[in-house]
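Asks: sequence and predicted model, in that order:
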Amino acid sequence: MRRKRQAKILATLGPTTSTRPRLQELIDAGADVFRLNFSHGSYEDHQRRYDLLRQAEQENNRPISILMDLQGPKLRVGKFGHGAVRLQTGSPFRLDLLPEPGNQRRVMLPHPEIFEVLKEGHDLLLDDGKVRLRVMHRGDDFVDTQVITPGELSDNKGVNVPDAMLNLSALTDKDRKDLDYGLKMGVDWVALSFVQKPEDIAEVRKIVAGRAAVMAKLEKPTAIEYLDEIIDLSDGLMIARGDLGVEFPPEEVPALQKQIIRACRKAGKPVVVATQMLDSMVRAPAPTRAEASDVATAVYDGADAMMLSAETAVGDYPVESVSMMDRIIQRVERDHYKPGHVHRDHSAPEATAADAISAAAAQVARTITASAIVSFTFSGSTALRAARERPEAPILGLTPNVTVARRLALVWGIHPVLTADILNLKEMIQKSVSIAKDEGFAEAGERLVVMAGIPFGTPGATNTLHIPWVE
């Protein structure tokens, strides 16, 4: 099951991809990580998909990473009395807490926390930004606005507040119940929506308590202001370009994507690029050329993974979507100019033994044309630091910890392998060589670069580098 690429593919499961045969097709096509979207589906649906994935993991003898995506707060207007209304440019429109059905002049907005932070001049975006309202006057339980961007507004459409930080937890009551269920089920990653500030990540980390890795979804402007702090508290990040593209002008999103990827790579934290990557393949058997370029850009920038959403959850061509993304990634990674793009913004190693060994491993592997870098890791930190260097050689992440192996399946360049712990240097070399051969990474006469920490089994003690021959 060796992949011929370094970047990973994250596929969302849904009604069209919830059978064992279809899951196997997705795995064979190139899916490395699977997303359970808790905005949709019942617990029984998610449990069935989880069980099928663990079955596939056993049958393929390959760690599979499962990510649960929490819904987060959903801000919506209320209902209208006589169907959709058409808002015209310059017209006044009031949002309030009154439960009466809405009309051409007003509608209920059942979120008092929004009224608390709005100021004159702030904008509200409705229905994914199709309608823009500007605040003219605010009361304690209402806000008077003027229509800036006209459009149709109907029941329960979403509301975005790009200009203010809401006094609202990223975890709703539903999210807390979902999180409890997902952790008991055994998910590997928890993606937190509606992150506004570092405290949102700290809150979910306290609940998770190490039972899963925590991924912050960046979709709010305020999160960008605290980017470094959020990265520091998270195990990984997701660039949720859908909501990010609503709250920011569309022309800002590409630069933000590059900024976030650079910051994550500097910190050595995995980063996922998500939303509309091959969106046309929901209904078409091939992507647009622009979509192919979008995937390629994320690969050139050095993102760890690219995510498919509706393409694999409800699309007509889920397997073809994964296969297409796999082909695009492989082609970009063969590009002669790709290493230059990836290393152009590379940050210097930190002044630690682990980073010194990781940087040396990448350099040595390049100099001697090693077939693979082997990283023995108990906590995953050694393999993560190796991946931070974006070496040209693939990384074999050997670990006795199944939880770590599954989490590493999302990380750039790492082929995780579950193996018994090692006891001495001789066993480390023997196991490196045998696993590299068995997994299809090396043949007789080739060399490996092996990283480990002595004493063995000590987390974060990377201090050893060896160059064995494969016999």
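Replies: Perfect, I can see it now.

Asks: and for the closest residue to A286 other than its chain neighbours, the neighbour number?
Replies: Nearest non-adjacent residue to A286, counting by Cβ to Cβ, 6 or more residues apart in numbering: M324, 7.3 Å away. Where you see a C-beta, it was placed from the backbone N, CA and C, and this is true even at glycine. The number of residues packed near M324 is 24, by other Cβ atoms under 10 Å.

Asks: surely H46 meets V187?
Replies: No - counting by Cβ atoms under 8 Å, H46 does not reach V187; the two are 9.0 Å apart.

Asks: those two: which is more packed in?
Replies: V187 (27 against 23).

Asks: quick one: the more buried one from L308, how far?
Replies: According to Cβ to Cβ, to the nearest Å, V187 and L308 sit 18 Å apart.

Asks: still on that earlier bit, which neighbours do H46 and V187 have in common?
Replies: Common neighbours of H46 and V187, using Cβ atoms under 8 Å, 6 or more residues apart in numbering, are 36, 68.

Asks: right, and F194 touches A223 too?
Replies: No - F194 is beyond contact range of A223, at 9.0 Å (criterion: Cβ under 8 Å).

Asks: who has more neighbours, those two?
Replies: A count of neighbours by other Cβ under 10 Å puts A223 above the other of F194 and A223, at 27 against 24.

Asks: tell me which helix or strand comes right after the host helix or strand of L256.
Replies: Using DSSP states H and E, L256 falls within helix 253-267. Note on helix 253-267: by DSSP H and E, the next helix or strand toward the C-terminus is strand 271-274.

Asks: elements contacting that next one?
Replies: Strand 271-274 sits against strand 236-240, helix 241-247, helix 253-267, strand 305-308, with contacts defined as 3 or more Cβ pairs under 8 Å, 6 or more residues apart in numbering; DSSP states H and E.

Asks: that strand pairs with which strands, and in what direction?
Replies: strand 236-240 (parallel), strand 305-308 (parallel) (DSSP bridges).

Asks: pLDDT of the longest helix anywhere in the chain, averaged?
Replies: Across the chain, the longest stretch assigned as helix under DSSP state H is helix 43-60. Summarised as a single mean, pLDDT over helix 43-60 is 97.

Asks: could I get the next helix-or-strand element following that helix in PDB with only the CA atoms?
Replies: The helix or strand immediately downstream of helix 43-60 is strand 65-69, counting by DSSP H and E. Output of strand 65-69 as PDB, limited to C-alpha atoms (Å, rounded to 0.1, in the frame of the first residue of the first chain):
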ATOM      1  CA  SER A  65      -6.700   8.000  10.200                       C
ATOM      2  CA  ILE A  66     -10.300   9.000  11.000                       C
ATOM      3  CA  LEU A  67     -11.100  12.700  11.600                       C
ATOM      4  CA  MET A  68     -14.400  13.900  13.200                       C
ATOM      5  CA  ASP A  69     -15.400  17.300  12.100                       C
END
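
Asks: parallel or antiparallel, list what pairs with strand 65-69.
Replies: Counting by DSSP bridges, strand 65-69 is paired with strand 33-37 (parallel), strand 189-192 (parallel).

Asks: what's the average pLDDT for the shortest one?
Replies: Mean pLDDT, strand 189-192: 98.

Asks: next structured bit after it?
Replies: Next in sequence after strand 189-192, counting helices and strands by DSSP H and E, comes helix 198-208.

Asks: what residues of that next one count as buried?
Replies: For helix 198-208, the neighbour count (16 or more other Cβ atoms under 10 Å) marks 198, 200-201, 204-205, 208 as buried.
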